[in-house]
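Participant: I would like the atomic coordinates for the input below:
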Amino acid sequence: MLRDARRALRDLNTTTPVLSRVFNTLNYVVNELAYNPPGKEEGYLFWLGWYIHDGNSVLSVEDAHGVAWRGLDVRYLVNWTALKYKSTVTAIDVYNEERLTQDVKLQYTFSRRYDFFLDVTNITDEAPRTDVSLNGLKFFRTNQGIGFTTGVRGRF
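Facilitator: Below you'll find the predicted structure:
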């Protein structure tokens, strides 16, 4: 029995320093979070209570299926297309010019079932297609303008 205890204690001696470092680090993190500095500023535990309170008010929209998040979702999308070979016309190589398009998408969720959305596409009015040669001569250019889409989305 003592032989088994020696082996267990030897293994415990090798892992104890690692466990001590882990618990010392955990103790440091908890102390930092619980510290309330002197003066007007409050500590993290005070703000944790406010965060939980705000989370409850964000989740206060409910229907028959339970709690639903409400809020604003904003997305800014950028799409870059490199110079691409298209064809050869009378010994001149024609390329589609590189372009950078930018879109903005807004969505506000009222409840689990209803969203209001606004999509603005190509906000910089970039041409979706321009044919050019390598020396910069432009052959053909289309311009679709800026697009707006809005509506209310319902899920049933």
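
Participant: buried sites along the helix ranked longest in the chain?
Facilitator: For the chain, the longest helix by residue count, based on DSSP state H, is helix 2-34. Of the residues in helix 2-34, none are scored as buried under the neighbour-count criterion (16 or more other Cβ atoms under 10 Å). (Each C-beta comes from the backbone N, C-alpha and C, glycine too.)

Participant: What ranges does the chain have for its helices?
Facilitator: Shown for the chain, the helices assigned by DSSP H span residues 2-34, 44-58.

Participant: Quick one: closest of these to Lys105.
Facilitator: Shortest separation from Lys105 across the helices of the chain is recorded for helix 44-58, at 20.7 Å, computed as Cβ to Cβ.

Participant: which other helices and strands contact that closest one?
Facilitator: Packed against helix 44-58 by the contact rule (3 or more Cβ pairs under 8 Å, 6 or more residues apart in numbering; DSSP states H and E) you find helix 2-34.

Participant: what about 10 Å?
Facilitator: If contacts are counted by 3 or more Cβ pairs under 10 Å, 6 or more residues apart in numbering; DSSP states H and E, helix 44-58 sits against helix 2-34, strand 66-68.

Participant: relative to helix 2-34, how tilted is it?
Facilitator: Counting by axes from the mean of the first three to the mean of the last three Cα atoms, to 10 degrees, helix 44-58 points 70 degrees away from the direction of helix 2-34.
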